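Colleague: Sharing a model that was predicted from the sequence below.
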Amino acid sequence: MALFKKRTVGKPGEWYYCLEHHKVEEGPECPAKDRFGPYTSREEAQHAMDTARERNLEWENDPKWHDGGTTPPGQA
């Protein structure tokens, strides 16, 4: 057992979405590998998965990444 618990870094007023627990955190509470953020408000963090989904769709449909083929540039 460790004598000192390593704390996650964050500031009050920064909001995160925990991918492991599926909840919004102020702080953060969970490790960086398990969260999205920081966000400026609780509401923005609550919509983290929607934002990620929208950004993925934009990327998938971006003509700069798909020039008519099925493989993005640099991945051939």
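Modeller: It's in.
Colleague: just the strands in this protein please.
Modeller: 15-18, 23-26, 35-39 (DSSP state E).
Colleague: would you turn those into CSV with mean neighbour count?
Modeller: C-beta coordinates here come from the backbone N, C-alpha and C atoms, glycine included. Output for these, formatted as CSV (neighbours: other C-beta atoms under 10 Å):
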stretch, mean neighbour count
strand 15-18, 22
strand 23-26, 17
strand 35-39, 19
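Colleague: Distance to Asn56 for these - can I get that in CSV?
Modeller: Putting these into CSV (distance: least, C-beta to C-beta, whole Å) gives the following:
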stretch, distance to Asn56
strand 15-18, 15
strand 23-26, 21
strand 35-39, 13
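Colleague: could I get those strands as a markdown table with mean pLDDT?
Modeller: Output for those, formatted as a markdown table (pLDDT from 0 to 100):
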| stretch | mean pLDDT |
| --- | --- |
| strand 15-18 | 96 |
| strand 23-26 | 95 |
| strand 35-39 | 95 |
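Colleague: Of the ones you listed, which is nearest Thr51?
Modeller: strand 35-39 (8.1 Å; C-beta to C-beta).
Colleague: chain center to that closest one, what's the gap?
Modeller: 5 Å (C-alpha atoms, centre = their mean, to the nearest Å).
Colleague: Contacts for it, please.
Modeller: 10-11, 14-19, 25, 28, 45, 48, 52 (C-beta atoms under 8 Å, 6 or more residues apart in numbering).
Colleague: Mind doing that once more with 7 Å?
Modeller: The contact list for strand 35-39 (C-beta atoms under 7 Å, 6 or more residues apart in numbering) reads 10, 14-19, 28, 45, 48, 52.
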